[in-house]
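Asks: Please work out how this folds:
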Amino acid sequence: MREAAEIWNGLNWNVLYSLLAAVIPSLLCITLHELAHGWVAYRMGDSTAKNLGRLTLNPLKHIDPIGLVMMVALRFGWAKPVPVDMRNFENPKRGMAVTALAGPLCNLLLSCVLLLVYGLIFLPLSRAGGAFAELVLDTVSTASYLSLALAVFNIIPVPPLDGAKVVFSLLSEEKYFKLMRYERYGMYLLVLLMVTGVLRAPLAGVTEFLYGKLFGIAELAFSITLRFA
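Replies: All right, here's what the predicted structure looks like:
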């Protein structure tokens, strides 16, 4: 018992707090991102994701270990792609583009909703005080930022990211399928660019600019709570 108590007291709670406030938002963002892909594909006629059990809120079904680490450490990352068979779409290229766009749009919407929630709960939780209130506020704000960051990262027109599928849909079928053959190599390039910092600064700049604009949602919600305080 004494040894267990010493281990408990010796834990670095600041590190655990930071991990908790980063991992939970990351799991939420990537899960809804991939679920949006699968759901839109299903609505457009492709049941591949549904048949493989990917239309679920279970984050374990969507986690890519490297992508999750990147999300937590660098605030930009990815999930395990939802399988899509574009041959099931009435218009394969258009269907793939719409399916790809669903992920970033879902993250953008999630970011806005979380900012609204943040603004509504900020006053009561700040008055309540305590570690739990601080954790909730940090988790919500981090989730909002990470969701926006995930949207920004995924609109880069480099395979296998969603932006590439949208941009490539404007090409002829011959060029489209030729470029998509190299999809698996694009991720290696992206990881290299992120780790070396080439992409990190520009992406962070764009995300922070957009987040600053969207934060007006939180400010509006906060002003509403002040009226009823």
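Asks: For residue 196, give its distance to residue 189.
Replies: Distance of residue 196 to residue 189, given as C-beta to C-beta, to the nearest Å: 11 Å. Where C-beta positions appear, they are placed from N, C-alpha and C, glycine not excepted.
Asks: same deal with residue 137?
Replies: The gap separating residue 137 from residue 189 is 37 Å, by C-beta to C-beta.
Asks: ditto for residue 21
Replies: Taking C-beta to C-beta, one finds residue 21 at 30 Å from residue 189.
Asks: Between residue 196 and residue 189, which is the more surrounded one?
Replies: Neighbours of residue 196 and residue 189, each counted by other C-beta atoms under 10 Å, are more numerous for residue 189; the result is 13 against 9.
Asks: Check which helices and strands the helix or strand hosting the more buried one is in contact with.
Replies: Secondary structure from DSSP states H and E places residue 189 in helix 183-195. Helices and strands touching helix 183-195, by 3 or more C-beta pairs under 8 Å, 6 or more residues apart in numbering; DSSP states H and E, are helix 65-74.
Asks: hmm, try it at 10 Å
Replies: helix 65-74, helix 162-168, helix 200-214 (3 or more C-beta pairs under 10 Å, 6 or more residues apart in numbering; DSSP states H and E).
Asks: And the longest one, what's buried?
Replies: By 16 or more other C-beta atoms under 10 Å, the buried positions in helix 200-214 come out as 203, 204, 207, 210, 211, 214.
Asks: possible to save those residues as a markdown table with pLDDT and distance to residue 173?
Replies: Formatted as a markdown table, the buried residues of helix 200-214 follow (pLDDT from 0 to 100; distance: C-beta to C-beta, whole Å):
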| residue | pLDDT | distance to residue 173 |
| --- | --- | --- |
| 203 | 91 | 31 |
| 204 | 92 | 36 |
| 207 | 96 | 34 |
| 210 | 98 | 34 |
| 211 | 98 | 38 |
| 214 | 98 | 37 |
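Asks: Now do the buried residues in stretch 128-139.
Replies: Neighbour-count burial for stretch 128-139, counted by 16+ other C-beta under 10 Å, picks out 133, 136, 137, 138, 139.
Asks: Done for today, thanks.
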